[in-house]
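Student: okay, sequence plus prediction incoming.
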Amino acid sequence: MYIESVPNRDSPPAVLLRESYRAGGKVRKRTLLNLSHWPPELIEGFRVLLKGGHAVPGEGLTIHRSLPHGHVAAVLGTVRRIGLDALLGRPQPRLRDLVLALLVSRIVHPASKLATARDLDAATASTSLGRVLGLGAVDEAELYAALDWLGERQAAIEAALAKRHLKNGTLVLYDVSSSYLEGRCCELARFGYNRDGKRGKLQIVYGLLCAADGCPVAVEVFDGDTGDPSTLPAQIDKLKARFGLSRVVLVGDRGMITNARIREDLQPNGLDWISTLRAPQIQALVNEGQLQLSLFDTRDLAEITAPDYPGERLIVCKNPLLAAERARKREDLLRATERALARIQDGLRRRRKPTGAAQIGIMIGAVLDRHKVGKHFRLAVSERNFTVQRDHAAIGAEAALDGIYVVRTSLAAAALDAPATVRAYKDLSQVEHAFRSLKTVDLKVRPIHHWLEGRVRAHVFLCMLAYYVEWHMRERLKPILFDDAEPDQAERASPVAPAKPSESAKAKRARKTTADGMPVHSFQTLLRDLATCTLNQTTIAVAKPIAATIVARPTPLQAKAFELLGIDPNRTQ
């Protein structure tokens, strides 16, 4: 290794740490580190050290502390590359830097504010983040103040993101989820439909708006007992009033975009929509003869109209794999219910005294409510016991619609044909992926320990911004992630066909390596790998000892990741 000064036109020379190596019978050189920002005395001390000279016998380079750094460099570098740091604002530099720290920490190590403060504080740091941002001492009170400041800027930041990613006529994906809270003091906390399976926990509801490619743009928090359709008017107002969009196509699920919401909110505001029909609505189309199941004898997609949906196109689809999965699940639930009912019957037979029809009905109801298949059974209850048998007619009627779904839209065929409309609805799964990342896999929005309404809102917004950064990182890192599942030609030809990866993507998954032999990672395992590229606080023992901060040389995989992200891990300020 050696230090070389490279002319840089009208600017001062670039000072580079380089090494020579042999490749293909030729001697080549590569740059390991840009030392241009180092003080001259530090560069000179390092030069002496490289030549083998030092003042203290037995000491050349002393490493005082090594901090995990590569994952911090990757995330913070992405934040700066996409300009998100500029959107946060500049009036309060300290608060902005603390928000940046919270944002990056949400990705590299999501934790409580107290734990995050310890991770950032210079004395107890577990990563290089606090040092890179120059935070010094950090306590949780400062982080709460920064979170409050971020909450005040949410509307302005979302408007800027919408300007980047949304425009008139575009598709906007919208879905709703919920997360439980710890404690009972938050004004937003309510008992409601609990998607987390946490019985007895209060919760909040939040709706996420994404661009057509799944990039998150805005999030809004509602009371925990708010129904999904009730969140829609606020999103329409946001799109039209705050984002200035007069024409968009809202894509939402059937529980969101209901007939009432179409009639009262979407149509009066001049917005188009893409959604699906509920199972009873599909059954009604079949009963009235407007949907002939024989349509699917030779194809898996067809377009129909119906008097009950004036001005709308109905695109009916059948997915054979979905049909098989629904049939399997229904049979499993039926058998589980039968086993539970049989146990009740056995217990009743062993009793000497009659239990009573009312009490038996309560016991049966608890079982039927557990698996939600009571409509498929016929029961006769007496004072001592009951009989049960399957309702094969009801089961057959439901099975006939297995795998069938109907996409409804107000868009004309000239604006979006039937296959493209189905694909647009299937893109709603990208919002579901965002919720999985927000809630469990990566960012862990839950459990929520905040009590103040504003801080709960700001916490969810912070998690959304973290996912915004993660989304951009995943897009660039796809060549070395398992995420890269390019659809094959069948998927492109038929939007109803189940998504399948291309041959190249399947080969990467099977080998667990890329085409050039590098290991393939999930997003989280790649971050852990990058963390091993450390930032080292050292002392160079020359005539006058010099403190230096040196970043470890990246492995080939780490170098590839930094290259894909377009960042320099040696940027420590």
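Tutor: Sure thing, it's come through.
Student: look at residue 20 and give its secondary structure.
Tutor: Using DSSP: H, G, I helix; E, B strand; the rest coil, the structure places residue 20 in strand.
Student: name all residues that make contact with it.
Tutor: Residues counted as contacts of residue 20 (Cβ atoms under 8 Å, 6 or more residues apart in numbering) are 2, 27, 28, 29. In short, each C-beta sits where N, CA and C put it, glycine included.
Student: now, the residues you listed that are in strands?
Tutor: Counted as lying in strands by DSSP state E, out of the contacts of residue 20, are 2, 27, 28, 29.
Student: give me the buried entries from these.
Tutor: By neighbour count, with 16 or more other Cβ atoms under 10 Å, the ones in strands among the contacts of residue 20 hold no buried member.
Student: name the nearest of those residues relative to residue 39.
Tutor: For the ones in strands among the contacts of residue 20, the closest approach to residue 39 (Cβ to Cβ) belongs to residue 2, at 19.1 Å.
Student: hmm, residue 19 and the closest one touching each other?
Tutor: Yes. Counting by Cβ atoms under 8 Å, a contact exists between residue 2 and residue 19, whose distance comes to 7.4 Å.
Student: domain assignment for the protein?
Tutor: 2-69+533-565, 322-399 (automatic domain parsing).
Student: out of the ones you listed, which comes closest to residue 192?
Tutor: Taking Cβ to Cβ as the criterion, residue 192 comes closest to domain 322-399 out of the domains of the chain, the separation being 18.0 Å.
Student: just to revisit the earlier point, got TSV for the contacts of residue 20, with distance to residue 560 and pLDDT too?
Tutor: Below are the contacts of residue 20 laid out as TSV (distance: Cβ to Cβ, whole Å; pLDDT from 0 to 100):
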residue	distance to residue 560	pLDDT
2	25	81
27	24	85
28	19	84
29	20	84
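Student: what would those residues look like in CSV with distance to residue 82?
Tutor: Putting those into CSV (distance: Cβ to Cβ, whole Å) gives the following:
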residue, distance to residue 82
2, 36
27, 39
28, 33
29, 32
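Student: from these, which two are the most distant?
Tutor: Of all pairs drawn from the contacts of residue 20, the one with the longest distance (Cβ to Cβ) is 2 and 28, at 13.9 Å.
Student: just give me the neighbour total for residue 562.
Tutor: A total of 20 residues lie near residue 562 under the criterion other Cβ atoms under 10 Å.
Student: and the pLDDT at it?
Tutor: At residue 562, the model reports a pLDDT of 95.
Student: what's near enough to touch it?
Tutor: Contacts for residue 562 (Cβ under 8 Å, 6+ apart) come out as 70, 73, 74, 77, 554, 568, 569.
Student: residue 474: which of those residues is nearest?
Tutor: Taking Cβ to Cβ as the measure, residue 474 sits nearest to residue 74 out of those, at 11.7 Å.
Student: is the closest one in contact with residue 529, as I believe?
Tutor: No. Taking contact to mean Cβ under 8 Å, the distance of 10.3 Å between residue 74 and residue 529 leaves them out of contact.
Student: who's more crowded, these two?
Tutor: In this view residue 74 and residue 529 are compared by other Cβ under 10 Å, and residue 74 has more residues nearby, 28 against 18.
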